[in-house]
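Peer 1: build the 3D model from these lines:
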Amino acid sequence: MNSTTTSAPLTQLSEEETLFRETVRQFARDEVAPLARRMDEEQQMDAGLLRRLFELGLMGIEIPEEFGGSGGSFFDSVLAVEMLSAVDPAVALVVDVQNTLVASVLLRWGTIDQKRRYLPRLAVDTVGAYALSEAASGSDAFALQTRAEKRGGDYVLTGRKLWISNAKEAGLFILFATVDASAGYKGITAFLVEKGASGFTVGRKEDKLGIRASSTCELILEECAIPPSQVLGEVGNGYKIAMESLNGGRIGIGAQLLGLAEGAWGHAVKHAKERKQFGKPIAEFQAMQFQLAEMATDIEAARLLVYNAARLKEAGQEHRKEAAMCKYFASQVAERVASLAIEVLGGAGFVKESPVEKLYRDAKIGTIYEGTSFMQLAAIAKAVL
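Peer 2: Predicted coordinates for the structure are as follows:
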């Protein structure tokens, strides 16, 4: 799973990347697609499918082989998320959070002991979650009210987290709290919290519009004692960890939305070629051709933005602006293409049996999580003005 150089055309993939992409694409079609509708209706990730994600190495793509992972790259993670999202963005989100946030943060900031303890588990059987958001800290991500008070030798965490993806299935949480509210962002600290820790509870599961198979829950911390060995990075370094990791996370979400748009477009094209009106397939009418062509152009533009941001991150180059751009634009494209796909299918696209109906619902979250569209535009404006 090695990357091509950043000087190559952005959509050009190495042989290994192409093989990896096609392998994930086939898996998504053969094993994810048959389960997508049921998982959406039941709001539950299929346990067997989750095991398959681990067996195929998709939950430890960037984790080095020495820790039991696939030894791949960030770009490989982006390709996996893109391919899975064309079939079910909810499944892709599980893979995205695991790779572009949780494993990536541990690789970057974890001590050698933390890596040895958690990376093999993340690669084999443990789902990870990233717990930053709270009721009073959404776009203002660092208005945290969760406290970490030093008592004796431990940090005692108290507070609530909301809208945490993967929370129901997760065994490990990267959780942010403040050790000193008066210090502002300089008091924010990242902790590694295991499921089952005393005083830690996974609370209510949200009933969502889209990506329903992916669990989104609240976390409740009531006098949850965490030893200093579970501090990720240094005390007070949580702000830096979150800002750096969210840039990568936004690229992952950009890939998710890109894949969603590709999936919706594929269903629209298939229907347009098969559906006949006035004696010929509707794909032969110029109005329909132009609509599908515009959708394809938007998708290609989104792909270039996502791949560019991913290549820059992988090369260790500055990518904050590019991450914001790809996430913002891909979210607009996904929502627009999914909506138009329903129109192409007509009544057949408006019913629950249609995959595009689900993709349309799934698309909306793209303008909200990992930073709203307004926050992405603010980041872009700051970079270019």
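Peer 1: mind listing the strands for the stretch 1-150 of the chain?
Peer 2: Counting by DSSP state E, counting those that start in this stretch, one finds strands in the stretch 1-150 of the chain at the ranges 127-131, 147-151.
Peer 1: packing partners of the last one?
Peer 2: Pointing back at strand 147-151 there. Helices and strands touching strand 147-151, as assessed by 3 or more Cβ pairs under 8 Å, 6 or more residues apart in numbering; DSSP states H and E, comprise strand 154-165, strand 170-178. Heads up, the C-betas are built off the backbone N, CA and C, glycines and all.
Peer 1: and the residue in the chain sticking out farthest from the centre, how far is that from residue 268?
Peer 2: Farthest-out residue of the chain from its mean C-alpha position, per Cα atoms, centre = their mean: residue 279, at 43.8 Å. From residue 279 across to residue 268, the span is 21 Å (Cβ to Cβ, to the nearest Å).
Peer 1: and if you look at residue 85?
Peer 2: If you measure residue 85 against residue 268 using Cβ to Cβ, the figure is 16 Å.
Peer 1: and if you look at residue 48?
Peer 2: Here the criterion is Cβ to Cβ. By it, residue 48 lies 31 Å from residue 268.
Peer 1: quick one, which of the two is more surrounded?
Peer 2: Under the criterion of other Cβ atoms under 10 Å, the comparison of residue 48 against residue 268 puts residue 268 first, with 26 against 9.
Peer 1: so the more buried one, which state does it fall into?
Peer 2: Using DSSP: H, G, I helix; E, B strand; the rest coil, the structure places residue 268 in helix.
Peer 1: can we start the residue count at 243 from this point?
Peer 2: Okay, residue one is now 243; in that scheme the one you just asked about reads as residue 510.
Peer 1: pretty sure it contacts residue 537?
Peer 2: Yes - Residue 510 lies in contact with residue 537 (Cβ atoms under 8 Å); the separation is 7.1 Å.
Peer 1: where are the low-confidence patches of the chain?
Peer 2: By pLDDT under 70, the weakly predicted segments of the chain are 243-252, 383.
Peer 1: quickly note the distance from the spatially closest residue to residue 389 that is not a sequence neighbour to residue 422.
Peer 2: Leaving aside its chain neighbours, residue 389 sits nearest to residue 400 (5.3 Å; criterion: Cβ to Cβ, 6 or more residues apart in numbering). Residue 400 sits 14 Å away from residue 422 when distances are taken as Cβ to Cβ.
Peer 1: what's next to stretch 514-532, contact-wise?
Peer 2: Stretch 514-532 is touched from outside by 511, 534, 586, with contacts defined as Cβ atoms under 8 Å, 6 or more residues apart in numbering.
Peer 1: quick one, what contacts the second one?
Peer 2: Just to be clear, that refers to residue 534. For residue 534, the set of contacting residues under the criterion of Cβ under 8 Å, 6+ apart consists of 507, 510, 511, 514, 525, 586.
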